[in-house]
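Q: could you look at this predicted model? Sequence included:
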Amino acid sequence: IHLNKKEFIKNYHESYKNLMFLDYETIAQIFTKENKEQKENVLSQLKLLSSQEKNKLYIISGCKKKQLDEVFGGFTNIGLASEYGFFYKKPGENNLQNEYNQLFNMNDWSWKKGILPILKSFTERTEGSYIIEKESILSWVYKKCDSEFGLIQANEMITHIKGLLFQNDSIIVTLENDAVNIRPKNINKGYFISEILKQEYRNEIFPEFIFVLGDQDGDEEMFKYLNYLRNNFEIKSKIFSIYTVTIGRKVSNAKYYLNETEILEYLENLNKEYKNDGSSSKFSQSQDIYNMVEQSDEYEIYSKRDQ
């Protein structure tokens, strides 16, 4: 469904607390080297959104912390989530002096030792491929290879690695955006959103409006989690608005889509003055929604997905 601008803007302005998660790679699609003015405009709109007291805005990405810091390090009120949310800074904490928080304790990285030689072996015999080693994720990227051969190699690699890990169900292997990613199961964007929501509710902050934008394969986890809440609990849109949005009309777990050229327009409209028509109501069922989010501790999508 194409995202209805009038309804979207109305629900945003009439809510009292907003929570937004925007995928960096999706936003970066409209960052072109030939158009620095457009990039500055997008960053300006994001900064303005983050400066509004009722908003909490996160930029979430699969990339390393350093890459996010280079673009958003000076935007104090924008929260940053690196490596699918495993490392994060909350809105208000974002400066280069502050260290990233770690979403959960994870001290055993021994699984990398058995995986890296496999990645190196495939790299040697797949021209154009390369390895990206992050703190929590290993990636074998084949987007610069012959597309058909790269995919064949990727599928062979996945079979090989899954055979190696058959007794270790805490590590998953996924094929996303021309890359094979190997990471702990709970390092994904959906799990990050679930944990941030729980933190908000435990601090008695009850967002009425949640907006998630993404166009990467890994962003589907965010959509799945919010769909899980929507489908398993009775949420009336008048008190709790969830907008999961991807780019372009396609098969996705997102409920809505926008065209790439509309992203900036919608961001600008969120920042415009708005006159309330008097139809909004306060968030009257915060305790019910709190209980709903707490129950999502039993979120089984990740454990079931790979069976």
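A: Perfect, I can see it now. Computed from a prediction, not measured in an experiment: that's the story for all the values here.

Q: stretch 247-265: which residues count as buried?
A: Within stretch 247-265, the residues scored as buried using 16 or more other Cβ atoms under 10 Å are 247, 252, 253, 254, 255, 256, 257, 258, 262, 263. Any C-beta I mention is one placed from the backbone N, CA and C, and that applies to glycine too.

Q: quick one: the helix or strand that residue 8 is a member of to chain centroid distance?
A: According to DSSP states H and E, residue 8 maps onto helix 5-13. If you compare the mean C-alpha spot of helix 5-13 with that of the full chain, they lie 22 Å apart, counting by Cα atoms, centre = their mean, to the nearest Å.

Q: name the helices or strands packed onto that helix?
A: Based on contacts counted as 3 or more Cβ pairs under 8 Å, 6 or more residues apart in numbering; DSSP states H and E, the elements that helix 5-13 packs against are strand 209-213, strand 241-247, helix 263-271.

Q: just the buried residues of stretch 247-265 now: which is nearest residue 96?
A: Out of those, the one with the shortest distance to residue 96 is residue 263. That distance is 27.1 Å, counting by Cβ to Cβ.

Q: circling back to that earlier point, any idea of the mean pLDDT for the helix or strand following the helix holding residue 8?
A: Tracing the chain C-terminally past helix 5-13 and defining elements by DSSP H and E, one meets strand 18-23 next. Averaging pLDDT along strand 18-23 gives 96.

Q: got the angle between strand 18-23 and helix 263-271?
A: On the basis of axes from the mean of the first three to the mean of the last three Cα atoms, to 10 degrees, strand 18-23 is oriented at 160 degrees to helix 263-271.

Q: for stretch 215-223, buried residues please.
A: For stretch 215-223, the neighbour count (16+ other Cβ under 10 Å) marks 215, 216, 217, 218, 219, 220, 221, 222, 223 as buried.

Q: in helices, which of those residues appear?
A: Those of these mapping onto helices are 220, 221, 222, 223, per DSSP state H.

Q: got the contact list for the first one?
A: With Cβ atoms under 8 Å, 6 or more residues apart in numbering as the criterion, the residues that contact residue 220 are 214, 252, 253, 254.

Q: any idea how far it lies from residue 250?
A: Shown here: residue 220 relative to residue 250, a distance of 11 Å by Cβ to Cβ, to the nearest Å.

Q: now swap in the second one and tell me
A: Going from residue 221 to residue 250 by Cβ to Cβ gives 17 Å.

Q: could you do the third one as well?
A: Plainly put, residue 222 is 16 Å away from residue 250 if you go by Cβ to Cβ.

Q: what's the burial count for the closest residue to residue 207 other than its chain neighbours?
A: Take residue 207 and drop its neighbours on the chain: the residue closest to it by Cβ to Cβ, 6 or more residues apart in numbering is residue 19, 4.0 Å away. Look at residue 19: counted by other Cβ atoms under 10 Å, it has 25 neighbours.

Q: and if you look at residue 1?
A: Around residue 1 there are 9 other residues, counting by other Cβ under 10 Å.

Q: what's the answer for residue 6, then?
A: Summarising burial for residue 6: neighbours were counted as other Cβ under 10 Å, giving 8.

Q: quick one: contacts of the longest helix seen in the chain?
A: Longest helix in the chain by number of residues, with DSSP H as the criterion: helix 147-164. With Cβ under 8 Å, 6+ apart as the test, helix 147-164 has contacts from 114-115, 118-119, 122, 125-126, 128-129, 140, 142-143, 145, 173, 175, 178, 180, 182.

Q: swap in 7 Å and give it another go.
A: Residues from elsewhere that reach helix 147-164 (Cβ atoms under 7 Å, 6 or more residues apart in numbering): 114, 115, 118, 122, 126, 129, 140, 142, 173, 175, 180, 182.

Q: the protein: strands as residue ranges?
A: Assigned by DSSP state E, the chain shows strands spanning 18-23, 55-60, 78-82, 87-89, 101-102, 130-133, 138-141, 171-175, 179-184, 209-213, 241-247, 256-258.
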